[in-house]
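**Student:** Take a look and give me a structure for this.
(one chain, ligands or ions: 3)
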Amino acid sequence: MPEEGVKLTPRGQLLSTSEILTLARLFVKEGVEKIRLTGGEPLIRPDILDIIAELRKLEGLKTIAVTTNGMNLARLLPKLKDTGLNLINISLDTLVPAKFEFIVRRKGFHKVMEGIDKAIEMGYNPVKVNCVVMRGLNEDELLDFVALTEKKPLDVRFIEYMPFDGNKWNFKKMVSYQEMLDHIRQQWPNLERLETGHTETAKTFKVPGFTGQVGFITSMSDHFCGSCNRLRITADGNLKVCLFGNTEVSLRDVLRSGVSEEELLQIVGAAVGRKKKQHAGMFNISQMKNRPMILIDTTSERHLSQDKTTSSPIVSHYRNDTFLSPKAAPHRRVLNREGFFCLPDCTASTQAAHVCCLRTLTSGGTGVTSHINTNTRTNVRSYINEGCLRYAQASGHNALKSHLLRPPGTPTCCTLLMNPKINLKQHNVRLCHNQCSSKDPSVKLRPSVSDQTQSGTNVYNTELDEAQLTHTDTQGRANMVDVGGKVPTRRTATARATVILGPTAFRLLWDNQLAKGDALAVAQLSGIMASKQTSALIPLCHPLPLDHASVTFDLDEQQNAAVITATCRTTGKTGVEMEALTAVSVAALTIYDMCKAVSHDIIITDVKLVSKTGGKRDFHRHP
Ligand SMILES: Nc1nc2c(ncn2[C@@H]2O[C@H](COP(=O)(O)OP(=O)(O)OP(=O)(O)O)[C@@H](O)[C@H]2O)c(=O)[nH]1
Ligand SMILES: C[S@@+](CC[C@H](N)C(=O)[O-])C[C@H]1O[C@@H](n2cnc3c(N)ncnc32)[C@H](O)[C@@H]1O
Ligand code: SF4
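**Tutor:** Numbering: from 1, shown residues only. Ligands and ions are numbered 1, 2, ... in the order given. Modelled structure (predicted):
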C-alpha cells in the first residue's frame, strides 16, 4: 500500500457479485481449476462468503484459495471453511509486534498469529505464510521464520521484494533468493530441496525433522514465467494476463455491453495470446508503470488447469478460435505495428479497436465501423489502401468497393490488376505480358493477349530487351549506374517471401513457444535492419535513405508457412525493391535460424517483388 494510500474505486465500477460469478463460471467451463481471491483484502468484502459458496458449486473447480492479511481470519474461518475454502495464504512480514505496526501502519500482529493458529487447528495443511523480505527491515528475521516451521505445519514463503508503482522499490532493498538461501544454510546446512509442481511460484525446502517447510518466491532473480499459467481479474474487472504487464482488458465493460459468451471468450483468448513469454527483467519492470500491488490482485487469480505449453483450455481456445483461424481471416493475420494480430496497417493500439478489427474479418462488416471510430482517419485510409480484397468483396462496403473493383469488361492485361488506371500507365511504359512483343500500347488490348495473361506475369516486353544493359560497361565489367542527373521521386516497393516450416515448427512459431524466443519479433527486426544494409550487401546497389521499412507476417495454417511481406519507402533517385527483397530474405533466414533446432526441413520459397511505384514505371504483380 503506497504511503499516501490509494483512491477508492466507486462501487459501480467494481465487479458485482454476480459479474464475478459469471466470469468464474466461464473460466471454469474453459478448464480453470483454481481460483484465488486476493487483493486488496478479500476478507473485507461483504459478499466474500456468498462468492465462495457459489464458486464451490462450480463443477471442475478444484481449489478455492484466499490470500489475506489475516486480520479477520480467526473470526471468519469457521464460515469460510463451511462454505468451501480450501487453501489459505497469510501475509506476515515480521514476527516483531512493534515492527508489524510500523509496516502495516496499524496494530494487529496478534490477530494475524491467532488466524494462523486457527487455520492450523481447523485442519488446513499447509498454511502458507507469505513474508516479503526487504533489506534493512526484516532480513534479520529469516531464521526466526524458519524456526516457526519446526513445530507448526506452516509453509513459510520468503518473497523477493518486487517493484510496483508507489512502493519505492530499489535494487538494494531486494534480498535475493541466493542470499537468503546462503544465510539459512549457515544455520541449517542440511536444508533439503523438495519437489514442487512445475506451475508453483515457490521453490520449496525443508529442514529435516521439521513439521513445516520453507519456500522462496524468486520473481526477481530467477523468474518462473516459463511455467506461468495465471490470469488475474482486478476488482474493477480488468483482465491482467501478467502480474508485471500493464496491458489490461476490461471484461467488466465487455460484460456490461451484453456480448455473447463466445465473444467474451474471444476477447480473453486474444489477451492470453498476447501474454509475453516472461516479464521484462527486474530493472525494466522497476521503471515500468504498473498498478500498485494492492490494486492488482484485487479480486481473483486464475490458474489454468494445465501448462500453457500443452493444452490449457483457455489458451487452446484462443489458438483455435474464429478470430485467428485461417477460415476467419485467410489472407490477413499479421502482427501489426502494435504487436496485435490484425490487418497489416492497422494502427489500432487498444484492445477494443483491435478486437473490432478482427471481428470485421470474421463477420464480414459489422466491426469495421467501430474499428474506424476508435481510431483515427488514417486508420480508415490504411485499411482501404491495404486492399483487404476478400473483405471488401464479402461485405460490399462502399468505400472499399469503389477502391477495389475494376469496371466490368476491362479488356486488357489490366484484367490482372484491380486498378485499371495504374495498369494502363504501366502499359504505356511497356510493361506487359511476357509473350507480347509489340511496341504499340494499343496492340496489347487484344483479347487473345489478355487470355494469356491469366496465367502469366507482367514483365517488360521485348522492346526493352533492345535497351542497353546498364550494370556493365562496354567491356562487360561491373558498373554502378550514375544516377546523379535523376530527379528524386517518392518510391515504394513491397516484396514477399514464404517460409514453409512443417507442422511442428509452425505450431511452435504460432504459439510463440520456440526455445530460441519470439521468432516473429526477431525476424521483424532483422528484416528492417537488413533493408538498411542492402547497398552494403548487393554490389551495384545505391545506398538509399529509407523513409520507412516495415516487415509483417501472415501465418498460413494450411501450408504451415509464414508469409513475410516487407514494404520500403524512400524519396530518392533509385527504387527500393532491392531493400524490400533483402528485408524479406533476411527475415526468412532469421525464421529459419530460430526454427532450425526443431526441423531442418524448412523451405524458403517464392521470394518476389509484389509491387513497386515511383521512378519510370510502376509494377504490380497479380496475386
Ligand atoms: N511473478 C509472479 N509472481 C507471483 C505471481 N503470483 C504470485 N506471485 C508471487 O507470489 C507471492 C505470493 O502470492 P500468493 O497470493 O500467495 O499466491 P501464490 O504464490 O500463487 O499461491 P499458491 O498458489 O498457494 O502457491 C506474491 O507476492 C508474488 O510475489 C505471478 O503470477 N507472477
Ligand atoms: C497484495 S497482497 C493482497 C492480499 C492481502 N491483502 C494480503 O495482504 O495478503 C498479495 C501478496 O502480495 C505480496 N506483496 C505485496 N507487495 C509485494 C511486493 N512489493 N513484492 C512482493 N510481494 C508483495 C503480499 O505480501 C501478499 O502476500
Ligand atoms: S509471466 Fe507475468 S504473471 Fe506469469 S510468472 Fe512471469 S511475471 Fe508473473
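**Student:** Could you find the closest non-adjacent residue to Val66?
**Tutor:** Leu37 (5.1 Å; C-beta to C-beta, 6 or more residues apart in numbering). Where you see a C-beta, it was placed from the backbone N, CA and C, and this is true even at glycine.
**Student:** Could you report the neighbour count for the residue nearest to His198 when sequence neighbours are not counted?
**Tutor:** Leaving aside its sequence neighbours, His198 sits nearest to Ser227 (C-beta to C-beta, 6+ apart; 4.8 Å). Other residues near Ser227 come to 14 when the count uses other C-beta atoms under 10 Å.
**Student:** hang on, the residue nearest to Val66 packs against Ile51?
**Tutor:** Yes: the pair Leu37 / Ile51 is scored as a contact, 7.0 Å apart, by C-beta atoms under 8 Å.
**Student:** These two: which is more packed in?
**Tutor:** Leu37 (24 against 21).
**Student:** how far away is the residue nearest to Val66 from Arg232?
**Tutor:** Using C-beta to C-beta, to the nearest Å, Leu37 is found at 11 Å from Arg232.
**Student:** where does the protein dip in pLDDT?
**Tutor:** For the chain, applying pLDDT under 70 flags the ranges 1-3, 166, 280-479, 623.
**Student:** near ligand 3, which residues of the protein?
**Tutor:** Contact residues (C-beta under 6 Å from any ligand atom) of the chain with ligand 3: 223-225, 228, 230, 242-244, 278-279.
**Student:** Filter the residues you listed down to the buried ones and express that as a PyMOL selection.
**Tutor:** This is how PyMOL selects the buried members of those, with burial counted by 16 or more other C-beta atoms under 10 Å:
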select buried, resi 223+224+228+230+242+243+244+279
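**Student:** So which of the residues of the chain next to ligand 3 are in strands?
**Tutor:** Arg230 (DSSP state E).
**Student:** Among the residues of the chain next to ligand 3, name the ones in helices.
**Tutor:** Judged by DSSP state H, helices contain none of the residues of the chain next to ligand 3.
**Student:** by contact count, what packs against the strand or helix carrying Ala74?
**Tutor:** With elements taken from DSSP states H and E, the one containing Ala74 is helix 73-83. Judged by 3 or more C-beta pairs under 8 Å, 6 or more residues apart in numbering; DSSP states H and E, the packing partners of helix 73-83 are helix 48-56, helix 109-121.
**Student:** Compile these into TSV and extend it with columns for distance to Gly12.
**Tutor:** Converted to TSV, the helices and strands packed on helix 73-83 look like this (distance: least, C-beta to C-beta, whole Å):
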stretch	distance to Gly12
helix 48-56	18
helix 109-121	32
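**Student:** Using CSV, lay out those together with distance to ligand 2.
**Tutor:** CSV is the format used below for the helices and strands packed on helix 73-83 (distance: least, C-beta to the nearest ligand atom, whole Å):
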stretch, distance to ligand 2
helix 48-56, 12
helix 109-121, 10
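**Student:** between those, which one is nearest to His620?
**Tutor:** helix 48-56 (58.5 Å; C-beta to C-beta).
**Student:** in terms of contact, does Thr570 touch Arg491 like I think?
**Tutor:** Yes: with contact defined as C-beta under 8 Å, Thr570 counts as touching Arg491 (5.4 Å).
**Student:** joint contacts of the two?
**Tutor:** Val576 (C-beta atoms under 8 Å, 6 or more residues apart in numbering).
**Student:** per the record, what domains does the protein have?
**Tutor:** Here the chain is described, according to the TED database, as comprising the domains 11-274, 489-620.
**Student:** Now distance to Val481 too, for those domains, in JSON lines please.
**Tutor:** As requested, the domains of the chain are exported to JSON lines (distance: least, C-beta to C-beta, whole Å):
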{"stretch": "domain 11-274", "distance to Val481": "46"}
{"stretch": "domain 489-620", "distance to Val481": "7"}
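**Student:** Gly5 is nearest to which of those domains?
**Tutor:** domain 11-274 (9.6 Å).
**Student:** Quick one: end-to-end distance for the closest one.
**Tutor:** 30 Å (C-alpha to C-alpha, to the nearest Å).
**Student:** ok, now stretch 150-159?
**Tutor:** 20 Å.
**Student:** same check, this time on stretch 55-69
**Tutor:** 22 Å.
**Student:** do it and ligand 1 meet?
**Tutor:** Yes: Stretch 55-69 is in contact with ligand 1 by C-beta under 6 Å from any ligand atom, via 65, 67.
**Student:** Give the buried residues for that stretch.
**Tutor:** For stretch 55-69, by 16+ other C-beta under 10 Å, it's 55, 58, 61, 64-69.
**Student:** And the residue of the stretch 451-600 of the chain that's closest to ligand 1?
**Tutor:** Among all residues of the stretch 451-600 of the chain, Asn512 sits closest to ligand 1, at 18.2 Å; criterion: C-beta to the nearest ligand atom.
**Student:** residue ranges of the helices in the stretch 151-300 of the chain, please?
**Tutor:** Read by DSSP state H, counting those that start in this stretch, the stretch 151-300 of the chain holds these helices, from start to end of the chain: 177-187, 251-256, 261-273, 282-287, 293-296.
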